[in-house]
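K.L.:
3D, please:
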Amino acid sequence: MSKIANMLNMLQILKDKKIHSISNLSQELEVSERMIRQYKQELEQAGIYLKSFTGKYGGYQLDINNNFLKIENEVKEKMYVIMKNAIVNKNKVRIKFKSLNSGMTERIIHPAELFVYIDKWYIAAFCELRNEIRLFKLDDILEYDVLEDTYIDKNMIKK
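P.N.:
Numbering: from 1, shown residues only. Below is the predicted model of the structure:
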């Protein structure tokens, strides 16, 4: 998984506001403990602060004052989890979303990455209709359906 995806997954784990040890986070994300420490530094550079605890029961905890990555409601949180799973499993997703130019639009996408920009969640995905990478704001996606069809990540193909 990409570095950004791992950092977002780490934040999702820490969202429960419990203290998670560095070793447990590294096992969960399948990366080294060194990478977990690096993710913490990079998150803090982005303004997302984690509390650090030392000792036998030490680890990281999401600072309760963090509002930066707040997902607005349970529906959007459910969509986030479903899209994250579609990314991991390489499933195509049919979405219906409101477009500024054309109203309601339906597309089949190959989701690649979830990210936040100015407090809004987006998904970067290959759009079959446009035949290129597009960004879709989760707030604009009104319906979605994960398809059984999968896609091949072209970055994984060896030349």
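K.L.:
ok, the longest strand anywhere in the chain: who's next to it in the sheet?
P.N.:
Among the segments of the chain that qualify as a strand by DSSP state E, the longest is strand 103-117. Counting by DSSP bridges, the strands paired with strand 103-117 are strand 91-99 (antiparallel), strand 120-127 (antiparallel).
K.L.:
could you give the bridge partners of the residue most central in space within the chain?
P.N.:
Geometric centre of the chain, nearest residue: residue 114, 3.8 Å, by CA atoms, centre = their mean. Bridge pairing for residue 114 (DSSP bridges) gives the partners residue 123.
K.L.:
dump the helix or strand bottoming out on mean pLDDT in the chain to CSV, keeping only the CA atoms.
P.N.:
Taking mean pLDDT, DSSP states H and E as the measure, helix 74-89 is the helix or strand of the chain with the lowest mean score, a mean of 84. The C-alpha trace of helix 74-89 is given here as CSV (Å, rounded to 0.1, in the frame of the first residue of the first chain):
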residue,chain,number,x,y,z
GLU,A,74,-21.6,8.0,9.7
VAL,A,75,-22.7,7.7,6.0
LYS,A,76,-19.5,9.4,4.8
GLU,A,77,-17.5,7.2,7.2
LYS,A,78,-19.2,4.1,5.9
MET,A,79,-18.4,5.3,2.3
TYR,A,80,-14.8,5.9,3.3
VAL,A,81,-14.4,2.3,4.6
ILE,A,82,-16.1,0.8,1.6
MET,A,83,-13.9,2.8,-0.8
LYS,A,84,-10.8,1.9,1.1
ASN,A,85,-11.7,-1.8,0.8
ALA,A,86,-12.4,-1.3,-2.9
ILE,A,87,-8.9,0.2,-3.3
VAL,A,88,-7.3,-2.7,-1.4
ASN,A,89,-9.3,-5.4,-3.4
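K.L.:
buried set for that helix?
P.N.:
For helix 74-89, the buried set under the neighbour-count rule, 16 or more other CB atoms under 10 Å, comprises 77, 79-80, 82-84, 86-87. (Glycine included, C-beta is placed from N, CA and C.)
K.L.:
was I right about the residue nearest to the centre of the chain contacting residue 120?
P.N.:
No - with contact defined as CB atoms under 8 Å, residue 114 does not count as touching residue 120 (11.5 Å).
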